[in-house]
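Undergrad: for reference, the sequence and a predicted model appear below.
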Amino acid sequence: MKQIIMLIACALLLASCEDVIEVDLNDADPRLVIEANINIRVEDDYVNSYVKLTTTAPFFDNQVPFVENASVHIADENGLVYSFTHVENGFYISDFSPQENIDYTLEVIYENEIYTATTNRISSVPLEYVEQRDDGGFSGDQIELKAFFTDPAGEENFYFVTGSSERGINRNVLNDEFFDGNAIFALYRADDLTTGDNVQFILYGITEEYYNYMFILLQQTGAGGGPFETQPATVKGNIINETNPENYPLGYFRISEISVLDYTVQ
């Protein structure tokens, strides 16, 4: 009988401790997020030019707010202007095709504020081949892929490289301080990678500033999340708010030559 009374008392005690704790989050005003990527494929000089505009959102929001009413264009140092047109989900596109050794300035006008950044086309090199190992990883039974390329000698170069498949995506940044002029590889690993899986490697030529920017972002995200997802700390890119500097945007304006190499796991 005493045991039954004790069990009832414990149950009542536990029930009385189930208080609801409300966390009061101080939501900051939304900031504009500008993802301006101009990619020139070195294999065939194909250009993919887009600017994606979103805003930051409260922590528990599941949807990303798209910006569909901004004015977006890029101007070169000679005054030639390329306009970008909104298509859907915050994406603005153009037939803009950047040339070498010319500075280009991005201008975004949103809610009567002007955002700008200036950069130029950064060269890259071709991805050459993929080497597969079947005894990688800590357990020695994981498939590893190495995509090789040769760094130009006597130049200071910086690279952003991705490897992606339905199993996941790897991201990394490299500088050639310790492999100048030599062959180097980008490593791809993913859980459950198996024969028949298709993996795509993309190598981007980038500036030193973008290298530093992505290095910090990848440290914060563990190289697994998207570079423009919510971050533990604010990382500023190269875009400034000319109208109101305190209302700075997030994101980056980049023009990169890229090399693409597709591989099917053997």
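TA: Arrived safely. Residues are numbered from 1 along each chain as shown.
Undergrad: buried set for the longest strand anywhere in the chain?
TA: Secondary structure of the chain per DSSP state E: the longest strand is strand 250-264. Residues of strand 250-264 classed as buried by neighbour count (16 or more other Cβ atoms under 10 Å): 250-261, 263. Where C-beta positions appear, they are placed from N, C-alpha and C, glycine not excepted.
Undergrad: turn these into CSV, including pLDDT.
TA: As requested, the buried residues of strand 250-264 are exported to CSV (pLDDT from 0 to 100):
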residue, pLDDT
250, 96
251, 96
252, 98
253, 98
254, 98
255, 98
256, 98
257, 98
258, 98
259, 98
260, 98
261, 98
263, 98
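Undergrad: can you put the residues you listed in CSV and add distance to residue 49?
TA: Shown next, in CSV, are those (distance: Cβ to Cβ, whole Å):
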residue, distance to residue 49
250, 20
251, 16
252, 15
253, 12
254, 11
255, 9
256, 11
257, 13
258, 12
259, 18
260, 16
261, 22
263, 27
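Undergrad: tell me the one of the residues you listed nearest residue 188?
TA: residue 263 (8.7 Å; Cβ to Cβ).
Undergrad: picking up where we left off before, relative to residue 141, which of the buried residues of strand 250-264 is nearest.
TA: Scanning the buried residues of strand 250-264 for proximity to residue 141, where the rule is Cβ to Cβ, the winner is residue 263, at 19.8 Å.
Undergrad: name the nearest residue to the closest one, sequence neighbours excluded.
TA: residue 130 (4.3 Å; Cβ to Cβ, 6 or more residues apart in numbering).
Undergrad: ok, now residue 30?
TA: residue 55 (4.1 Å).
Undergrad: okay, and the beta partners of that neighbour?
TA: residue 32 (DSSP bridges).
Undergrad: from residue 64, how far off is it?
TA: 8 Å (Cβ to Cβ, to the nearest Å).
Undergrad: burial of the residue nearest to residue 30, as a residue count?
TA: 18 (other Cβ atoms under 10 Å).
Undergrad: for residue 167, same thing?
TA: Residue 167 has 16 nearby residues by other Cβ under 10 Å.
Undergrad: from what I see, the residue nearest to residue 30 and residue 65 are in contact.
TA: Yes: the pair residue 55 and residue 65 passes the contact test of Cβ atoms under 8 Å, sitting 4.7 Å apart.
Undergrad: now do the shared contacts for the two.
TA: Listed as contacting both residue 55 and residue 65 by Cβ atoms under 8 Å, 6 or more residues apart in numbering are residue 30.
Undergrad: show me where this structure has its helices.
TA: 2-16, 208-221 (DSSP state H).
Undergrad: which stretch in those is the model least sure about?
TA: The minimum mean pLDDT among the helices of the chain belongs to helix 2-16 (a mean of 49).
Undergrad: so where's the protein uncertain?
TA: 1-27, 59, 222-233 (pLDDT under 70).
Undergrad: quick check: buried residues in stretch 143-152?
TA: 143, 144, 145, 146, 147, 149, 151.
Undergrad: so who does the fifth one touch?
TA: In other words, residue 147. Contact analysis of residue 147 by Cβ under 8 Å, 6+ apart lists 127, 129, 130, 161, 163, 185, 186, 188, 201, 203, 261, 263.
Undergrad: now do 10 Å
TA: Neighbour list for residue 147: 127-131, 161, 163, 184-188, 199-203, 259, 261, 263 [criterion: Cβ atoms under 10 Å, 6 or more residues apart in numbering].
Undergrad: of these, buried ones?
TA: Those of the contacts of residue 147 that meet the buried threshold are 127, 130, 161, 163, 184-186, 188, 199, 201-203, 259, 261, 263, by 16+ other Cβ under 10 Å.
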